[in-house]
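*Asks:* How does the following fold in three dimensions:
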Amino acid sequence: MLRTMVALSRRPHEPTRRNGAAAVVPPDWRLIAWLDRGFVRMVGRIEISGSFPEQLRGRPVLVAANHIGVFDPFVLVAACADIGVHLRFLLAGGLLDAPVIGYFLRRAGHVRVDRGKSTVIEAFDRAVTQLRDARIPLLIYPEGRISHDPGLWPERGKTGLARMALAGDIPVITISQWGAHEAVYWGTEKVTRPADFLPLLTSFGRALVNRPTFRVHFGPQVDLSGLSADRPGDAMRAHKRIMQAITDGLVPLRRDEPDVPRFRDPTRPTDTRSPWRP
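*Replies:* Numbering: from 1, shown residues only. So this is what the prediction gives:
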């Protein structure tokens, strides 16, 4: 079922009202978000539809988004900053410990998950605690990776976000996005030599010239009523509702590209099929 898009009643890049309670914002988040917005606008144009529910501002919120390219985290941060939402990501500890970039990610307040040092349940429990303490929107990609579906529709995904939402009684909203895949090629699974950067740099250079449009849609709160963390099968039912909401929001964004993207990325694997494809 298609969900009607509701355009924000504002000029481009004009923040919406911020009536919610103040969240805990790390001192460097605003600076990093400002730099990110400038970087994204240098590459392309952002179109935002929908809105972040006012009643959820200043509260812990789980945000589920489709993953379409290596550039889309920059687009999501910029879009959220445009409407006054201090978005954070749930990131692997290895990325937060990386030289240079890890420093800035930590300073921006992104949440850490060390799957190699504890069970996934323990890692998610810590993330829920941090989420409640900071009262922030925390973004998790349910797919876990950039989609390998030929049409770039969402992959099946995993139930981790749904389990966190049910266990912590945390509201979930979705973000559907399209266009960020045109900014940078998928590239390669592992970068082992300088030549591996060439497709990324070449595609990014083309994007600077072509200036793709990055469409971001904020969906309403996902209805998870009637579901429980303790009832077998409910985590999967919650996951299906979340993924369906992402897909419903994605359909209008790519209405003229229903089958395969017009933009062809020869480096992206296409070895899976989306179960959510309309």
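
*Asks:* For the residue nearest to Arg41 when sequence neighbours are not counted, give its distance to Ala207.
*Replies:* Excluding the flanking residues, the one nearest Arg41 by Cβ to Cβ, 6 or more residues apart in numbering is Ala78, at 7.4 Å. C-betas here are computed from N, CA, C, even on glycine. Shown here: Ala78 relative to Ala207, a distance of 15 Å by Cβ to Cβ, to the nearest Å.

*Asks:* so what's the residue nearest to Arg41 up against?
*Replies:* Ala33, Asp36, Arg37, Phe39, Val40, Arg41, Ile46 (Cβ atoms under 8 Å, 6 or more residues apart in numbering).

*Asks:* what helix or strand is it on?
*Replies:* Element membership for Ala78 (DSSP states H and E) is helix 72-82.

*Asks:* average pLDDT across that helix?
*Replies:* Regarding helix 72-82, the rounded mean pLDDT is 93.

*Asks:* Then stretch 28-47?
*Replies:* Averaging pLDDT along stretch 28-47 gives 90.

*Asks:* list the buried ones in that stretch?
*Replies:* Neighbour counts over stretch 28-47 (16 or more other Cβ atoms under 10 Å) mark Trp29, Ile32, Ala33, Asp36, Arg37, Val40, Val43, Gly44, Ile46, Glu47 as buried.

*Asks:* coming back round to it: which among the contacts of Ala78 gets closest to Pro194?
*Replies:* Phe39 (22.9 Å; Cβ to Cβ).

*Asks:* what's the closest non-adjacent residue to the closest one?
*Replies:* Using Cβ to Cβ, 6+ apart, the nearest residue to Phe39 is Phe74, at 6.4 Å.

*Asks:* Show the contacting residues for that neighbour.
*Replies:* Phe74 neighbours (Cβ under 8 Å, 6+ apart): Asp36, Phe39, Val40, Ala180.

*Asks:* from the residues you listed, which ones fall inside helices?
*Replies:* Residues of these located in helices (DSSP state H): Asp36, Phe39, Val40.
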